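1. just coords:
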């Protein structure tokens, strides 16, 4: 009887060793498949996704470039402000350079410096005149009216894109805003004056 017990114990031990060897072999086989798989992909070019996810020297991991941006051209946009009433109204920067098709943003600062609450709105205009058709505002404070309490300060953005189809000879655009009190007499469009390649073109806020 003891011999039979020892025999069964030996058999179990042998089986465990065999299973361990098999498991180790399967792990080694699976691990070895990784470089083999990559080598096959390199040769056949089958797995394009895997190739783009690898670290390749000299290749940026940044998002794909916006093909609508014309990086061969640069347009200088100048920001001009006017007020009808006692307002402190100015852009955060006086100008910036953008590529046609590139989304850009500029912040404008507002302060009601009168001792009473006032409602106001802005009217934009452009120079040269032709640029008005190619200057697309995605977000603008000129779309709405705003109420500011005495000494209240606000900051609002203008997000815009210049159409890549804008004429090649336009290298500078002046975006001008007139900020006026709502309820009073709406100011007329700025007088036409030669600036750059043309004249100011008024556009009512929509």
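-> That came through fine. For clarity, every value in this text was computed on a predicted model and none was experimentally measured. Numbers count the residues shown, from 1 in each chain.
2. Identify the bridge partners of residue 104.
-> Beta-bridge partners of residue 104, counted by DSSP bridges, are residue 160.
3. contacting residues for it?
-> For residue 104, the contact set (CB atoms under 8 Å, 6 or more residues apart in numbering) comprises 77, 96, 98, 159-161. In this view, the C-beta of every residue, glycine as well, is placed from N, C-alpha and C.
4. For the closest residue to residue 91 other than its chain neighbours, give me phi and psi.
-> Once flanking residues are discounted, residue 91 sits nearest to residue 79: 3.9 Å by CB to CB, 6 or more residues apart in numbering. Dihedral pair for residue 79: phi -110, psi 120, per degrees, to the nearest 10.
5. I'd guessed residue 79 sits against residue 95; true?
-> Yes. With contacts defined as CB atoms under 8 Å, residue 79 counts as touching residue 95 at a distance of 6.4 Å.
6. ok, those two, which is more surrounded?
-> Taking other CB atoms under 10 Å, residue 79 and residue 95 do not tie; residue 79 has more neighbours (19 against 15).
7. any idea how far that one is from residue 108?
-> Going from residue 79 to residue 108 by CB to CB, to the nearest Å gives 8 Å.
8. which residues are common contacts for these two?
-> Here residue 79 and residue 108 share the contacting residues residue 91, scored by CB under 8 Å, 6+ apart.
9. Hmm, residue 170 and residue 128 touching each other?
-> Yes. Using CB under 8 Å, residue 128 makes contact with residue 170 at a distance of 6.4 Å.
10. burial of residue 174, as a residue count?
-> Per other CB under 10 Å, the neighbour tally for residue 174 reads 19.
11. just residue 153 next, same as before
-> If you count neighbours by other CB under 10 Å, residue 153 ends up with 12.
12. Verify the stated contact: it with residue 110.
-> Yes. With contact defined as CB under 8 Å, residue 153 reaches residue 110; the gap is 6.7 Å.
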